[in-house]
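return a 3D structure for these sequence lines:
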Amino acid sequence: MDKIHCGGRVVIRPSKRCAIFRFDAGPEIGGGHALRCLALAETLMRSGWMCRYAIGPGSINAVQQLMPYEKYCFQLSGKPESEINEIEGYLKGRKCDLFVVDHYGRDIHFERLCRTFAKYIMVIDDMVNRSHDADYLLNQNLGSLASSYKTLVPGTCRFFIGPQYALLRPEFYLNRLKSLARRQHERAVQRILVSFGLSETCRFTERVVKALANTSYSGYIDVVGSGEEFRKSAVFSESKKTRPRIRILRDVDDIAVLMRDADLAIGAAGSMSWERCTLGLPSLVTAIADNQRTIAHALFKAGAADVFDFDMANEDDGLAKSLAKILIDRKRVKQMSTIAADICDGLGCERVTEALGL
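Numbers count the residues shown, from 1 in each chain. Below is the predicted model:
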């Protein structure tokens, strides 16, 4: 309950439902945890919820989409043993209706202690490697199974499993129809989007740009990244001199539009996979983190993407050959688009919000 002052009187009114999200972001772990939490939070807020963000050091500076919500964030020490007291101190004796944990470094021991202030706990996971004290568990990855968590969560836990529950911002769904319309027929690849996400340190992006230079491709290339290293890359500077149709874009806020207008994407098999699928964007993906290997394999098995393993290529000509092959295979590109669009429609946040029923 909230106390408000009205004409000198104190009036008690029912407070909004409150959700607190625990996640981190940074160059090492990327921004996927933050972005999917923000996507769900925005949907909850449209349903009347109040959302707050308990984040580790450096998270706000790492993800520009967090900037508008800075006043709703409170920074934690990053030490699991201290965070419970820190969150309780922020709440000042109040409880939150929903506590959402999206963090590889937190497990059942942390979550049990959160019961002192959380009515319900939701865990967002894609590792399936530790136990949780959760009322709800979401794993948005293709091929994930609720049965994999049988011994890891309470028997009463409710599951949201698969890309139909992928937590994406509304701009992906809003651009879906236009994106799919332009992919109805086989067409030549005329614009390529290269983006490996926040955790990439330029080495993968630079190799792709070099490899594209060793193909006959003469169309447009949009290279998206962030950070100082990306800005200072000599490879990108040289590429702009020799390829007038290449654009080097930093910290973009219209990635959905860039995906919509691209004919092929080259990137990591992380949470951006579901953004590309929503827009039916054919992709050549690689795993730049261990947890992305199962996603890459599942996308390839489904026929929604081709996979390239950087670790298996000692020379960049291997990547150039893979790119050259896919660039001329219009039938394969069209097939990937159709399959990808069937995997995810971008309405996961709405499904989760409705299913929570809180």
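
C-alpha only now, for contacts and for neighbours.
Noted.

and after the helix or strand containing G89, which helix or strand comes next?
Secondary structure from DSSP states H and E places G89 in helix 80-91. Where DSSP H and E defines the elements, the next helix or strand beyond helix 80-91 is strand 96-102.

tell me the mean pLDDT for that next one?
Average pLDDT, strand 96-102: 98.

pLDDT weak spots in the chain?
Within the chain, the stretches with pLDDT under 70 are 1-15, 199-201, 311-317.

the same query, at a cut-off of 50, please.
Across the chain, the ranges flagged by pLDDT under 50 are 1-14.

break it into its domains for me.
Here the domain parsing of the chain from automatic domain parsing is 2-161, 171-343.

got TSV for those, with distance to V352 and mean neighbour count too?
Output for these, formatted as TSV (distance: least, Cα to Cα, whole Å; neighbours: other Cα atoms under 10 Å):
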stretch	distance to V352	mean neighbour count
domain 2-161	7	17
domain 171-343	15	19
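
before we move on, the earlier item: the helix holding G89 packs against which elements?
Using 3 or more Cα pairs under 8 Å, 6 or more residues apart in numbering; DSSP states H and E, the elements in contact with helix 80-91 are helix 108-113.

so which elements touch the helix it packs on?
Helix 108-113 sits against helix 80-91, with contacts defined as 3+ Cα pairs under 8 Å, 6+ apart.

and the helix it packs on, how far out from the chain's middle?
26 Å (Cα atoms, centre = their mean, to the nearest Å).

same question for stretch 77-89.
25 Å.

can I get that stretch in PDB? Just the C-alpha atoms.
Output of stretch 77-89 as PDB, limited to C-alpha atoms (Å, rounded to 0.1, in the frame of the first residue of the first chain):
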ATOM      1  CA  SER A  77      27.900  -4.700  -5.300                       C
ATOM      2  CA  GLY A  78      27.900  -7.800  -7.500                       C
ATOM      3  CA  LYS A  79      28.600 -10.100  -4.500                       C
ATOM      4  CA  PRO A  80      25.800 -12.700  -4.100                       C
ATOM      5  CA  GLU A  81      26.300 -12.800  -0.300                       C
ATOM      6  CA  SER A  82      25.700  -9.100   0.000                       C
ATOM      7  CA  GLU A  83      22.900  -8.600  -2.600                       C
ATOM      8  CA  ILE A  84      20.000  -9.800  -0.400                       C
ATOM      9  CA  ASN A  85      20.600  -7.100   2.200                       C
ATOM     10  CA  GLU A  86      21.200  -4.500  -0.500                       C
ATOM     11  CA  ILE A  87      17.800  -5.300  -2.200                       C
ATOM     12  CA  GLU A  88      16.000  -5.400   1.100                       C
ATOM     13  CA  GLY A  89      17.600  -2.100   2.000                       C
END
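
okay if I get the domains of the chain as CSV plus distance to L356?
Below are those laid out as CSV (distance: least, Cα to Cα, whole Å):
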stretch, distance to L356
domain 2-161, 8
domain 171-343, 21
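
nearest to G357, out of the ones you listed?
domain 2-161 (11.2 Å; Cα to Cα).

okay, strands next: where are they in the stretch 251-358 of the chain?
For the stretch 251-358 of the chain, the strands defined by DSSP state E, counting those that start in this stretch cover 264-268, 283-286, 305-307.

can you name every helix or strand that the longest one contacts?
Contact analysis of strand 264-268 by 3+ Cα pairs under 8 Å, 6+ apart lists strand 191-195, strand 283-286 as its packing neighbours.

let's have these in JSON lines, adding distance to T205.
Listed next are these as JSON lines, based on distance: least, Cα to Cα, whole Å:
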{"stretch": "strand 191-195", "distance to T205": "7"}
{"stretch": "strand 283-286", "distance to T205": "11"}
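
can you say which of those strands is nearest to M272?
Among the helices and strands packed on strand 264-268, the nearest to M272 by Cα to Cα is strand 191-195 (9.1 Å).

G58 versus E28, what's the distance?
E28 is 11 Å from G58, where distance means Cα to Cα, to the nearest Å.

H103 contacts F21, correct?
No: H103 is not in contact with F21 according to Cα atoms under 8 Å; the separation is 10.0 Å.

hmm, T43 and C51 touching each other?
No: between C51 and T43 there is no contact under Cα under 8 Å: 10.2 Å.

need the strands of the stretch 251-358 of the chain in JSON lines with distance to D254, can you?
Compiled in JSON lines, those are given as follows (distance: least, Cα to Cα, whole Å):
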{"stretch": "strand 264-268", "distance to D254": "15"}
{"stretch": "strand 283-286", "distance to D254": "19"}
{"stretch": "strand 305-307", "distance to D254": "23"}
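
for D261, which non-adjacent residue is closest in space?
Computed as Cα to Cα, 6 or more residues apart in numbering, the closest residue to D261 that is not its neighbour in sequence is S179, at 7.1 Å.

now do the contacts for the one you found.
S179 makes contacts with R260, D261, L279, G280, as judged by Cα atoms under 8 Å, 6 or more residues apart in numbering.

ditto for L299
So L299 contacts L142, A305, D306 (Cα under 8 Å, 6+ apart).

between the residues you listed, which is nearest T338?
A305 (10.7 Å).

do I have it right that R183 meets Q335?
No: with contact defined as Cα under 8 Å, R183 does not reach Q335; the gap is 10.0 Å.

hang on, the earlier thing: which one among the contacts of L299 gets closest to N85?
Using Cα to Cα, the contacts of L299 come closest to N85 at L142, 36.3 Å.

dump the residue contacts of the residue nearest to the closest one when sequence neighbours are not counted.
Counting by Cα to Cα, 6+ apart, G162 is the residue found nearest to L142 once chain neighbours are left out, at 5.3 Å. By Cα under 8 Å, 6+ apart, the residues touching G162 are N139, Q140, N141, L142, G143, S144, L145.
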